[in-house]
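Asker: all I have is the shape, not the residue letters:
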């Protein structure tokens with residue numbers, strides 16, 4: 001994989017680029033729909049291709065490890081062949097899921113012991129094992145195993161956790177270089193910057209991650225409850241240290257406004273469950289603002305869900321019809337909501353890319369942030 005910078009905004013740190021993998025090219029900035037268990041919830045792959053126009057999806061190591069399991073995935077030839085997605089896939093390492101299992105796991109120097117949320121069985125992830133699992137899943141981009149600290153978090157714990165993440169990273173890198181891809185295409189390892197909301201720790205972590213000279217770099221441990229201003233401040237600090245010539249991935253972020261502000265700080269890649277999770281529950285993100293489609297105000301509104309959308313479902317169906325589906329409990333409602341939200345997120349990053357290329361990003365971003373953050 002290589003990352004080619006095509007344009008940089010003259011007034012912000014926003015940039016447009018191309019990531020090349022064996023499964024295709026990824027224009028940046030990019031949003032990656034979350035396909036936790038090998039599927040993006042409520043969205044068929046045909047719709048991911050044609051309506052959402054996704055360029056890359058994310059798979060979850062923890063969930064895929066538990067179900068369907070490594071034996072089935074290897075027999076299938078990896079996740080690409082198992083789910084018939086022929087574009088790039090990024091797999092996270094399972095670190096965030098281990099973080100979310102705070103009552104069911106124990107962390108030590110060697111790795112993490114945890115209980116399956118499915119059957120309570122005891123499992124043990126080491127940095128080496130996380131790499132081996134991701135080799136078997138077959139993601140084009142795989143993530144280093146890390147510990148994601150909660151918010152709020154005492155500085156002493158954040159520093160101890162960061163140092164552990166750094167030691168685990170060195171073991172991940174050693175394991176990555178001592179093993180080979182299984183399915184005949186290249187895989188690329190991204191390390192993760194940690195350090196909670198402490199600026200000195202983030203600087204230290206970003207410098208350490210940059211020195212590892214991996215193909216790309218990620219920022220973790222944000223969007224876990226901290227104020228947005230803190231998230232932006234930490235992102236800016238880290239982006240000032242991470243190398244310009246490599247893609248930067250801000251993990252688990254976020255709202256449309258979060259994404260636009262982070263693009264302006266120099267982030268290239270995003271993922272978040274918000275568009276699908278909110279879409280399944282009737283919250284729609286549009287170019288004019290946020291809609292709760294269950295509200296009675298939409299009952300007689302026969303205008304399109306979003307005229308600016310690239311998705312047919314958003315242009316061809318009215319707000320009144322979609323509200324009817326949700327109120328009636330029809331499964332088509334959550335499906336349309338999910339497709340719409342994902343297509344909007346992909347439209348948003350593509351528009352950002354276009355504005356960066358045109359040299360008009362800053363003014364467009366300021367106006368768009370106001371629009372996408374307001375509730376209609």
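Answerer: Okay, I see it. Note that the structure is predicted; figures quoted are calculated from it, not measured. Numbering: from 1, shown residues only.

Asker: any weak-confidence spans in the stretch 101-250 of the chain?
Answerer: Scanning the stretch 101-250 of the chain with the threshold set as pLDDT under 70 gives 101-102.

Asker: at 80 what do you get?
Answerer: Across the stretch 101-250 of the chain, the ranges flagged by pLDDT under 80 are 101-104.

Asker: all strands of it, in order?
Answerer: 105-107, 112-115, 122-125, 141-143, 188-190, 192-193, 217-219, 248-250 (DSSP state E, counting those that start in this stretch).

Asker: could you dump the ones you listed to CSV with distance to residue 7 and mean neighbour count?
Answerer: In this view, the C-beta of every residue, glycine as well, is placed from N, C-alpha and C. Below are those laid out as CSV (distance: least, C-beta to C-beta, whole Å; neighbours: other C-beta atoms under 10 Å):
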stretch, distance to residue 7, mean neighbour count
strand 105-107, 42, 13
strand 112-115, 41, 18
strand 122-125, 40, 15
strand 141-143, 23, 27
strand 188-190, 23, 21
strand 192-193, 25, 30
strand 217-219, 20, 26
strand 248-250, 16, 26
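
Asker: got CSV for those strands, with distance to residue 204 too?
Answerer: As requested, those are exported to CSV (distance: least, C-beta to C-beta, whole Å):
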stretch, distance to residue 204
strand 105-107, 20
strand 112-115, 23
strand 122-125, 25
strand 141-143, 20
strand 188-190, 19
strand 192-193, 10
strand 217-219, 14
strand 248-250, 17
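
Asker: now do the end-to-end distance for stretch 300-319.
Answerer: Distance across stretch 300-319, first residue to last, is 8 Å (C-alpha to C-alpha, to the nearest Å).

Asker: any residues touching that stretch, and which ones?
Answerer: Applying C-beta atoms under 8 Å, 6 or more residues apart in numbering, the external contacts of stretch 300-319 come out as 47, 51-53, 284, 286-288, 291, 293, 298, 320, 322-323, 336, 339-340, 343-344, 346-347.

Asker: filter these down to the buried ones, ChimeraX style.
Answerer: Remark: buried members of the contacts of stretch 300-319, expressed as a ChimeraX selection using 16 or more other C-beta atoms under 10 Å:
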select :47,51,52,284,286,287,291,293,298,322,323,336,339,340,343,344,346,347
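
Asker: which members of the contacts of stretch 300-319 occur in strands, if any?
Answerer: 284, 291 (DSSP state E).

Asker: the residue lying farthest from the centre of the chain sits in which helix or strand?
Answerer: Distance from the C-alpha centroid of the chain, by C-alpha atoms, centre = their mean, peaks at residue 300 (35.8 Å). Assigned by DSSP states H and E, residue 300 belongs to no helix or strand.

Asker: can you give me the helices for the stretch 251-376 of the chain?
Answerer: 256-264, 274-280, 312-316, 319-328, 332-358, 361-373 (DSSP state H, counting those that start in this stretch).

Asker: residue closest to the middle of the chain?
Answerer: residue 271 (1.7 Å).

Asker: re earlier: among the strands of the stretch 101-250 of the chain, which is nearest residue 352?
Answerer: strand 248-250 (13.8 Å; C-beta to C-beta).

Asker: in its sheet, what does that closest one sit against?
Answerer: strand 217-219 (parallel), strand 269-271 (parallel) (DSSP bridges).

Asker: for residue 78, which of the ones you listed is the nearest?
Answerer: strand 269-271 (19.9 Å).

Asker: who touches that closest one?
Answerer: 28-34, 58, 90, 216, 247-254, 259, 262, 349.

Asker: and residue 218, what does it touch?
Answerer: 143, 190-193, 248-251.

Asker: go through the residues you listed and say which is closest to residue 179.
Answerer: Out of the contacts of residue 218, the member with the shortest distance to residue 179 (by C-beta to C-beta) is residue 143, at 15.4 Å.

Asker: if we ignore the residues flanking it in sequence, what's nearest the closest one?
Answerer: Closest residue in space to residue 143, ignoring its immediate chain neighbours: residue 93 at 4.3 Å, by C-beta to C-beta, 6 or more residues apart in numbering.

Asker: what number of residues lie near that neighbour?
Answerer: Residues near residue 93, counting by other C-beta atoms under 10 Å, number 28.

Asker: swap in residue 316?
Answerer: Residues near residue 316, counting by other C-beta under 10 Å: 12.

Asker: next one: it from residue 305, what distance?
Answerer: 9 Å (C-beta to C-beta, to the nearest Å).

Asker: re the thing from before, now render the helices of the stretch 251-376 of the chain as CSV, adding distance to residue 78 and mean pLDDT.
Answerer: Output for the helices of the stretch 251-376 of the chain, formatted as CSV (distance: least, C-beta to C-beta, whole Å; pLDDT from 0 to 100):
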stretch, distance to residue 78, mean pLDDT
helix 256-264, 29, 98
helix 274-280, 23, 98
helix 312-316, 31, 94
helix 319-328, 36, 98
helix 332-358, 24, 98
helix 361-373, 36, 97
